[in-house]
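**Student:** Show me the folded form of this:
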Amino acid sequence: MQIHFIAIGGSAMHNLALALEHKGYTITGSDDVIFEPSKTRLDDKGLLPEPFGWFPEKIHTGLDAIILGMHAKPDNSELLKAQELGVTIYSYPEFLYEQSKNKTRVVIGGSHGKTTIASMILHVLGYHDKAVDYMVGAQLDGFDRMVHLTEENDFIVLEGDEYLSSPIDRRPKFHLYRPNIALLSGIAWDHINVFPTFDNYVEQFQIFVDSIVKGGSITYNEEDIEVKKVIEASENSIRKLPYQTPEYNVEDGQTFLETAEGPMPIEVFGKHNLSNLAGAKWICQNMGVDEDDFYEAIATFKGASKRLEKIAEGKTSVAYKDFAHSPSKVVASTKAVKEQYPNRKLIACLELHTYSSFNPEFLKEYKGALDAADVAVVFYLSESVAIKKLAAVSSGQISEAFVRNDLNIHTNANEFKNYVFGQDFDNSVLLLMSSGNYGGLNFEELKSKIEG
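**Tutor:** Numbering: from 1, shown residues only. Here you go, the predicted model:
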């Protein structure tokens, strides 16, 4: 097949392009800007478009399909040409469904935890040499790319994102996969620019549960009130399999999971990750992995990329970087680190970066989000607000939203850097949380300071 990608440079899009090239398809693509690591990874396979930009002449009737990425606009010249010629156009999730129609589709959904749960599942299956197709949002150790598609594998594991499918398809991605086996980890309002009310957001998960194939199953976090409501209200003819956080304890910075064979040390930590682990266990068991084999494999799981990733460690100090940015993720990550290191000073720094985080109404959702930290810091750039064409956000609004009088607020990248580097890291833990780049903070320099 000959496939053209409009907006090939995205994280998900370039991984799909690499997967299809590996499968033997002929791939072309366009984009107006491509960042690392997508740029180098595409270039290595001869898929990097030259030059950058949109070129309608790349679109012709010899193409079997177009895959349209979210970065493109509805008036994109290549998209308009494809529509004019009648070339088949797929959104990313539509195409994944087409590739997996005859497979058992395992879809991991939820406002938080889905990348980690999908990563845990793939780690366990890989440990036991069970080959599956997959699409997951974070880079994993030992995986060349995060999309893998074959003709022969029976299962495909899909991370079920609730964000929109494409510029011309406003359905959430996870509505299109029609899972046979599904998981729902949690519901916490996000993407306010698309789902303006909490009820509207919850409705997307109701649709997801109702999209599960008849006779299929939903494994769900019964400790999440909203998840439990959605599952109990669904009249879909599916099996409903609840899970909850397993028993565990922390000793001297090491988390032990309670199992039938006794306490087992694990690499990940925090209540939210133990909950993720419980969900992953049930899904793996649905895929034919027994409990003992799951535990053997999960003991070696070190975490998904950018999820509570240890970036430096000294004699009495340690630093983590985390992709957390929504309120529920910030709460979970901050509490997890404090629980793991209860006798150390926790310096938690959150960069506000997303559209939702600059909305005055949504800001209120951050109430108490940094309460577990001994030193709480919020950093954001006014340029980030302006780029999103939103009204300016004041330090007063931030302080009021978090309901913390001693909140340290920085709106200048250099001031933020100087503040972080000026901290006394003796007997402390530094937690950096963002989906951005912390104003260009130099992590190698930070590592040198912490490691001494």
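**Student:** dump the residue contacts of the nearest residue to Lys23 once chain neighbours are set aside.
**Tutor:** In this structure, Lys23 finds its nearest non-sequential neighbour in Leu149, 5.6 Å apart by C-beta to C-beta, 6 or more residues apart in numbering. From N, CA and C alone the C-beta is placed, and that goes for glycine too. Listed by C-beta atoms under 8 Å, 6 or more residues apart in numbering, the contact set of Leu149 reads 19-20, 23, 99-100, 133, 156.
**Student:** what about Ile347, how many neighbours?
**Tutor:** 24 (other C-beta atoms under 10 Å).
**Student:** Apologies, that question was intended for Ser394.
**Tutor:** 12.
**Student:** Next: the one 5 residues further on.
**Tutor:** Using other C-beta under 10 Å, Ser399 has 16 neighbouring residues.
**Student:** just to revisit the earlier point, among the contacts of Leu149, which are in strands?
**Tutor:** Under the assignment DSSP state E, the contacts of Leu149 contribute 133, 156 to strands.
**Student:** The contacts of Leu149: which two are farthest apart?
**Tutor:** For the contacts of Leu149, the farthest-apart pair by C-beta to C-beta is Leu20 and Ile156; their separation is 14.3 Å.
**Student:** In terms of packing, which of those two has more residues around it?
**Tutor:** Neighbours per residue, other C-beta under 10 Å: of Leu20 and Ile156, the larger number sits with Ile156, 24 against 21.
**Student:** And the pLDDT at the residue nearest to that one when sequence neighbours are not counted?
**Tutor:** Closest residue in space to Ile156, ignoring its immediate chain neighbours: Asp133 at 3.8 Å, by C-beta to C-beta, 6+ apart. Asp133 carries a pLDDT value of 97.
**Student:** OK, contacts around Asp133?
**Tutor:** Contacts of Asp133 by C-beta under 8 Å, 6+ apart are 99-100, 103, 148-150, 153, 155-157.
**Student:** now with 7 Å?
**Tutor:** 100, 103, 148-150, 153, 155-156 (C-beta atoms under 7 Å, 6 or more residues apart in numbering).
**Student:** Which of the residues you listed ranks first by neighbour count?
**Tutor:** Counting by other C-beta under 10 Å, top hit in the contacts of Asp133: Ile156 with 24 neighbours.
**Student:** So it is in contact with Val132, correct?
**Tutor:** Yes - the pair Ile156 / Val132 is scored as a contact, 6.4 Å apart, by C-beta atoms under 7 Å.
**Student:** before we move on, back to that, from the contacts of Leu149, which land in helices?
**Tutor:** 19-20, 23, 99-100 (DSSP state H).
**Student:** closest to Val318 among the residues you listed?
**Tutor:** Ala19 (35.7 Å).
**Student:** Nearest residue to that closest one in space, please, no chain neighbours.
**Tutor:** Val147 is the one closest to Ala19 (C-beta to C-beta, 6+ apart), at 3.9 Å.
**Student:** Show me which of the contacts of Asp133 is closest to Pro51.
**Tutor:** Nearest to Pro51 among these, with distances taken as C-beta to C-beta, is Leu149, at 29.1 Å.
**Student:** Settle this for me: Val377 is touching Asn408, isn't it.
**Tutor:** Yes - under the criterion of C-beta under 7 Å, Val377 makes contact with Asn408 at 4.5 Å.
**Student:** any common contacting residues for the two?
**Tutor:** In contact with both Val377 and Asn408: Tyr419, using C-beta under 7 Å, 6+ apart.
**Student:** The two: which has the busier surroundings?
**Tutor:** Here Val377 and Asn408 are compared on neighbour count by other C-beta under 10 Å; more neighbours surround Val377, at 23 against 15.
**Student:** can I assume the more buried one sits in a strand?
**Tutor:** Yes - under DSSP: H, G, I helix; E, B strand; the rest coil, Val377 sits within a strand.
**Student:** So His410 sits against Phe416, correct?
**Tutor:** Yes - using C-beta under 7 Å, His410 is in contact with Phe416, at 4.1 Å.
**Student:** Between these two, point out the one with more neighbours.
**Tutor:** Under the criterion of other C-beta under 10 Å, the comparison of His410 against Phe416 puts Phe416 first, with 24 against 21.
**Student:** Identify the residues contacting the residue nearest to the spatial centre of the chain.
**Tutor:** Note on the chain: the residue nearest the mean C-alpha position is Thr115, at 4.8 Å, using C-alpha atoms, centre = their mean. Taking C-beta under 7 Å, 6+ apart, we find Thr115 in contact with 136-138, 159, 304, 307.
**Student:** With respect to Ala319, which of the contacts of Asp133 is nearest?
**Tutor:** Once C-beta to C-beta is applied, the member of those that ends up nearest Ala319 is His148, at 32.3 Å.
**Student:** show me the contacts for that closest one.
**Tutor:** So His148 contacts 19, 133-134 (C-beta under 7 Å, 6+ apart).
**Student:** For it, list each beta-bridge partner.
**Tutor:** Applying DSSP bridges to His148 gives these bridge partners: Tyr134.
**Student:** Got the confidence number for the residue lying closest to Gly368 once chain neighbours are set aside?
**Tutor:** Taking C-beta to C-beta, 6+ apart, and ignoring the residues beside it in sequence, Gly368 has Val403 as its nearest neighbour in space, at 6.2 Å. On pLDDT, Val403 comes in at 94.
**Student:** mind checking how far the helix ranked longest in the chain is from the chain centre?
**Tutor:** When the chain is parsed with DSSP H, its longest helix is helix 271-286. Taking C-alpha atoms, centre = their mean, to the nearest Å, one finds helix 271-286 lying 16 Å from the centre of the chain it belongs to.
**Student:** For it, list the C-alpha coordinates in PDB.
**Tutor:** The C-alpha coordinates for helix 271-286 follow below in PDB (Å, rounded to 0.1, in the frame of the first residue of the first chain):
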ATOM      1  CA  LYS A 271      -0.500   4.600  45.300                       C
ATOM      2  CA  HIS A 272      -1.500   5.500  41.700                       C
ATOM      3  CA  ASN A 273       1.200   3.200  40.200                       C
ATOM      4  CA  LEU A 274       0.100   0.400  42.500                       C
ATOM      5  CA  SER A 275      -3.400   0.900  41.300                       C
ATOM      6  CA  ASN A 276      -2.100   0.900  37.700                       C
ATOM      7  CA  LEU A 277      -0.300  -2.300  38.400                       C
ATOM      8  CA  ALA A 278      -3.500  -4.000  39.600                       C
ATOM      9  CA  GLY A 279      -5.300  -3.000  36.500                       C
ATOM     10  CA  ALA A 280      -2.500  -4.300  34.300                       C
ATOM     11  CA  LYS A 281      -2.500  -7.600  36.100                       C
ATOM     12  CA  TRP A 282      -6.100  -8.300  35.300                       C
ATOM     13  CA  ILE A 283      -5.700  -7.300  31.700                       C
ATOM     14  CA  CYS A 284      -2.700  -9.600  31.400                       C
ATOM     15  CA  GLN A 285      -4.700 -12.400  33.000                       C
ATOM     16  CA  ASN A 286      -7.400 -11.800  30.400                       C
END
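**Student:** Okay, and the closest residue in space to Gln139 that isn't next to it in sequence sits in which element?
**Tutor:** Counting by C-beta to C-beta, 6+ apart, Gln139 lies nearest to Ser305, which is 4.5 Å off, once chain neighbours are set aside. Using DSSP states H and E, Ser305 sits in no helix or strand.
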